[in-house]
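> Below: sequence and its predicted model.
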Amino acid sequence: MKIAVCISNVPDTTTRIKTDASGQKIDLSGVQWILNPWDELALTRAIELKEQNVGMIDEIVVVMVAPSYGEATLRKALAVGADRAIRIDNDPADSYEAAFELASYFADQPADLIFTGIESADFNGSATGAMLSLLAGIRFMPGVSGVFLEGGQTIVHQEINGMSLRLKVSPPLILNVQKGIAIVPRIPAMRGIMAARTKPLTVLSPKKAGACAQVIAYESLPPKAAAKMIEEDNAAMLIEVLHNEAKVI
Amino acid sequence: MKTFVFTTTRDNKVPRSFFEALTYGGSLEGSEIIALVAGPLSQDQETEMQKFGRGQIFHFNQALPQWYDTFYYLHLIQSFFDEKGEPDLVVLGASEINQVLGPQIALKLSAGYVARVISLPIQQAPWRVKRYAYSGKIISHVELKTEKAVFLLSANVLSPIELGAGNFELWNALPAKGEGVEVLEIKRPESKQLLTEARIIVSGGRGMRGPEYWKPLEELAEALGGATACSRPVSDEGWRPHHEHVGQTGKIVAPDLYIACGISGAIQHLAGISGSRVIVAINKDPEAPIFQAAHYGIVGDVHKVLPVLVEAARRLK
Amino acid sequence: MDFQFTEEQLMIKQAARDYAQRELWSDVIERDEKAIYPEKHVKALAELGFMGMMVSPEYDGGGMDTISYVLAMEEISKVDSSVSVIMSVNNSLVCWGLEAFGTEEQKQKYLRPLARGEKIGAFLLSEPEAGSDATSQHTTAVDMGDYYLLNGTKNWITNGNTASTYLVIAQTYPEKGHKGINALIVERHWEGISVGPHENKMGMRSSDTHSVMFTDVKVPKENRIGEEGFGFKFAMQTLDGGRIGIAAQAVGIAAGALELALKYAKERKAFGTEIINHQAIAFKLADMAVKVENARNLVLKAAWLKDQHKPYGVASAMAKLYAADIAMQVTTEAVQIHGGYGYVKEYHVERLMREAKLTQIYEGTSEVQHIVISRALAKGELLP
């Protein structure tokens, strides 16, 4: 069995996001890039599956659609435990462009389980996995909060729309993973960092389908007024102002 | 311009996000609404539909698959388009199901897709809308290169307006089901409200000290008719179930009122609540970053403040 | 000249940071207060390879350079120096000493499990009456033909109780002075070894510091490191490297205090604005940042020299002296910036201040570092 994890490279959560002088692009200087948190959990789960099901999983491939600066993140994924890394050399402007590159890759290099994170921490579009599924013609499992392997079958925990389900389903599958898939993202160990030195990282040329959408400008959030403080001894006042002033209750 | 709006029902009810989407679609120039509601509805919901409805609303009155079968929904919508014609614009209210369907409908229609839209379009040709990016840290203006568009709205972007101009009728189809999936178990979490749809959320953090102290928080949620939630450390510690975790890697919520009790306000938490209309912070540490994000604040002990609030909220109702 | 870290060095720094901020932070105050040994953290860090990170992969180590090691030490020390001192002793004293001077058999038997972090080592040099002056060892290892008979007491031993492998410095031929000293590998469970109570320390309270007593302990000859009489040289050379680890720890303590003070100064308001906007605070922070950067560069220089196999004894003494001193200064200022909050445990900086003090004392006091540096100066060793 082969597992692929689609990963993206995003600015660290604590990064202050600001635009460059043009106001049309994010100023990327000094940005610390990290493995997108959901993708990191997906990768962690993929590695756990490989460890728990000895001999069942032949390889874990990580796939990223990104310019060359994504490679540090790919190598981290290798250090954490992926066997092979693929970078498709494109800087996608929207989810469609990213999904198209991934679909073309998987058409050529199929995998049994394809993990996608529920969203990326940059554009928060939550669309790549769903589009990939339709483009690649592979069943899509959204809201996956757990995955287990039992005798060639995949047991998927799905939490969506207030329902919690346990499903048995056969690969190939695209698993759109969310909270719960793994608890703590794996930290690379020295052994893994050493091993990553010799693991292959392949760069593929893009198919360049062209994007359907593009960001033409950025706007900062409107400034927020300071919080109105209510004395602790007068806490009941809060309910009153929420009712009469804010009109939310 | 034909504008398609879609929702599934839950507990025989239509979510508010559907009316938000109807209002959004109806506010656009030259827009003719054609909507589809999938799933059973209770009687009073039909009245509700008449109140907020507009354009033509079709009701597919069948029990929906137990699991989230994307194949089924896509096929259902395709049948609808085959019969009623393809729309020029699709407006979807914020829901976990629409979040998955949106991108797929966009592909079917060769339409551009924008998620988390926070405003009416800046312009219609070409389409230009605003949305949040970088987990709510900035607003981006997105322009589509396609004629058609699919917009997934952020929750609470606008208030549904009562028009009462809708035409509500039944519509039927025989959507194909996805094969090869065996449902082993179905559980419904105890919470009656979906966090993503709740209008009021009362949320607790590490400052609550432990799961045994949650009672007043639950009472406040109940008194206000809201849902309970928690911060990441609380769900990681197992004090509260995972599905209550609000924050960047948990649920992204946008209620009218978010009351943060004993939550310091880490940036990851703020990323999950930034769409809330009113944020209230109760924390003993006056320097807690949550106060920077809050509209109202009380510096004090949650365990003293909460019972007072519960009592006041009960008096109000 | 190249100040660029490699991608791998940055990955290791980030891994250490992730572990420290995610795992060590949440219970460090409790561990400090109750002096609880960080057992689960030592185990987790061992699994990540941090306990033998510079040992060659041939002996199950991480095969990383000294630069990576000091970066990791800094990140762990920003949060908890009780954990980083365990790491430092195991890495730069015990593992390094064994790898550099041990026989193949000793490496196979003792180094491997230490490098994997399955076992923890301790370095037993200090004595009740000989701390800085390592030439006067009262612990004796009498040559009995097949074995040495070990007697004496060692003080202030980090990992004293948890270690399974001791490297003990003892006098075999008192008449030969420091040339009669040997370094012996001793197993904790051997007969005749007793461990004193946990020292109730001012800082680094959760690392287990004990005195260790030896009464007629038989140490096989094959457990001697190096030639007869090599012990003093062994101790001095090993401590040269150890100082780099402690210097990195001091940088971490200072940098951790600076991070906390900076965060606090940006949040805390006084006279209508965040206190970082007051020059009195802003300039303090600027001075703290310069000191941290300076100390970090000294540590990196020493680590780089070691990686280049160039002499690093003086460089490591300078790094340790300066880093320990500024750790004391920077943490004190961090407490000051926090005001009253800084004096309570919840805000971490008072603990960092207590931890900083120890870096001026152990693995060679600041006074000893002055001796090392001034003697080198006198010999003209520092001239270009």
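Perfect, thanks for sending it.

> Could you count how many residues lie near residue 31?
Picked chain A for this. Neighbourhood size, A:Val31 [other Cβ atoms under 10 Å in any protein chain shown]: 15. For glycine as for every other residue, the C-beta is placed from the backbone atoms N, C-alpha and C.

> not what I meant, chain B
So B:Ser31, with other Cβ under 10 Å, has 20 neighbours.

> Can you give the distance of the helix or strand bottoming out on mean pLDDT in chain C from its chain's centre?
When the helices and strands of chain C are scored by mean pLDDT, DSSP states H and E, strand C:269-270 comes last with a mean of 85. Averaging C-alpha positions (Cα atoms, centre = their mean, to the nearest Å) puts strand C:269-270 38 Å from its chain's average.

> Strand partners (parallel or antiparallel) of it?
If you go by DSSP bridges, strand C:269-270 pairs up with strand C:273-274 (antiparallel).

> Rounded mean pLDDT for the partner strand, please.
For strand C:273-274, mean pLDDT rounds to 90.

> what's the answer for stretch B:121-141, then?
Stretch B:121-141 comes out at a mean pLDDT of 93.

> wait, does it contact chain A?
Yes: judged by Cβ under 8 Å from any Cβ of the partner chain, stretch B:121-141 comes into contact with chain A at B:Arg128, B:Lys130, B:Tyr132, B:Ala133, B:Tyr134, B:Ser135, B:Gly136, B:Lys137, B:Ile138, B:Ile139, B:Ser140, B:His141.

> Spit out the contact partners of the first one.
Contact criterion Cβ atoms under 8 Å, 6 or more residues apart in numbering or on different chains gives A:Ile216, B:Pro121, B:Ile122, B:His141, B:Val142, B:Glu143, B:Leu144 as the residues in contact with B:Arg128.

> Name the nearest residue to the last one, ignoring sequence neighbours.
The shortest distance from B:Leu144 to any residue other than its chain neighbours is 3.4 Å, reached at B:Gly112 (Cβ to Cβ, 6 or more residues apart in numbering or on different chains).

> try the first one
Take A:Ile216 and drop its neighbours on the chain: the residue closest to it by Cβ to Cβ, 6+ apart is B:Glu143, 4.7 Å away.

> Strand partners (parallel or antiparallel) of whichever strand or helix holds the one you found?
Element membership for B:Glu143, per DSSP states H and E: strand B:138-144. Strand B:138-144 has these partner strands in its sheet, going by DSSP bridges: strand A:213-219 (antiparallel), strand B:127-133 (antiparallel).

> Keeping just the C-alphas, turn that strand into CSV.
Provided in CSV are the C-alpha atoms of strand B:138-144 (Å, rounded to 0.1, in the frame of the first residue of the first chain):
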residue,chain,number,x,y,z
ILE,B,138,-5.9,40.2,6.6
ILE,B,139,-8.6,40.7,4.0
SER,B,140,-7.9,39.9,0.4
HIS,B,141,-9.7,41.1,-2.7
VAL,B,142,-10.2,38.2,-5.1
GLU,B,143,-11.0,38.6,-8.8
LEU,B,144,-12.3,35.7,-10.9
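
> name the helices or strands packed onto the next helix or strand after that strand?
Next along the chain after strand B:138-144, taking DSSP H and E as the criterion, comes strand B:149-153. On a contact count with 3 or more Cβ pairs under 8 Å, 6 or more residues apart in numbering or on different chains; DSSP states H and E, strand B:149-153 meets helix B:16-26, strand B:89-92, helix B:96-109, strand B:112-117.

> For chain C, what is the nearest residue in the stretch 151-300 of chain B?
As assessed by Cβ to the nearest Cβ, chain C sits closest to B:Glu287 within the stretch 151-300 of chain B, at 4.8 Å.

> Excluding covalently adjacent residues, which one is nearest to that residue?
Using Cβ to Cβ, 6+ apart and skipping the chain neighbours, the partner closest in space to B:Glu287 is C:Glu267 (4.8 Å).

> wait, what's in contact with the one you found?
So C:Glu267 contacts B:Glu287, B:Pro289, C:Glu274 (Cβ under 8 Å, 6+ apart).

> and of those residues, the nearest to C:Glu47?
The nearest member of those to C:Glu47, counting by Cβ to Cβ, is B:Pro289 at 33.5 Å.

> Is it correct that the closest one is in contact with B:Ile263?
No: between B:Pro289 and B:Ile263 there is no contact under Cβ atoms under 8 Å: 9.7 Å.

> Please identify which of the two sits among more neighbours.
More neighbours surround B:Ile263 than the other of B:Pro289 and B:Ile263, with 32 against 20 (other Cβ under 10 Å).

> Doesn't that one lie inside a strand?
No: inclusion of B:Ile263 in a strand is not indicated when DSSP: H, G, I helix; E, B strand; the rest coil is applied; the result is coil.

> thought it was touching B:Asn283?
Yes: between B:Ile263 and B:Asn283 there is a contact under Cβ under 8 Å: 7.0 Å.

> Would you map the strands across chain A?
With strands called from DSSP state E, chain A shows them at A:2-6, A:9-11, A:33-35, A:59-65, A:84-88, A:113-117, A:139-150, A:153-160, A:163-169, A:173-177, A:201-204, A:213-219, A:228-230.

> Mean neighbour count added to those, as a markdown table?
Formatted as a markdown table, these follow (neighbours: other Cβ atoms under 10 Å in any protein chain shown):
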| stretch | mean neighbour count |
| --- | --- |
| strand A:2-6 | 26 |
| strand A:9-11 | 23 |
| strand A:33-35 | 22 |
| strand A:59-65 | 24 |
| strand A:84-88 | 21 |
| strand A:113-117 | 28 |
| strand A:139-150 | 22 |
| strand A:153-160 | 21 |
| strand A:163-169 | 19 |
| strand A:173-177 | 27 |
| strand A:201-204 | 14 |
| strand A:213-219 | 18 |
| strand A:228-230 | 16 |
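
> would a markdown table of those with mean pLDDT be doable?
Below are the strands of chain A laid out as a markdown table (pLDDT from 0 to 100):
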| stretch | mean pLDDT |
| --- | --- |
| strand A:2-6 | 98 |
| strand A:9-11 | 93 |
| strand A:33-35 | 93 |
| strand A:59-65 | 98 |
| strand A:84-88 | 98 |
| strand A:113-117 | 97 |
| strand A:139-150 | 95 |
| strand A:153-160 | 92 |
| strand A:163-169 | 93 |
| strand A:173-177 | 96 |
| strand A:201-204 | 98 |
| strand A:213-219 | 93 |
| strand A:228-230 | 95 |
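
> out of those, nearest to C:Gly145?
For those, the distance to C:Gly145 is smallest for strand A:59-65, at 57.9 Å, taking Cβ to Cβ.
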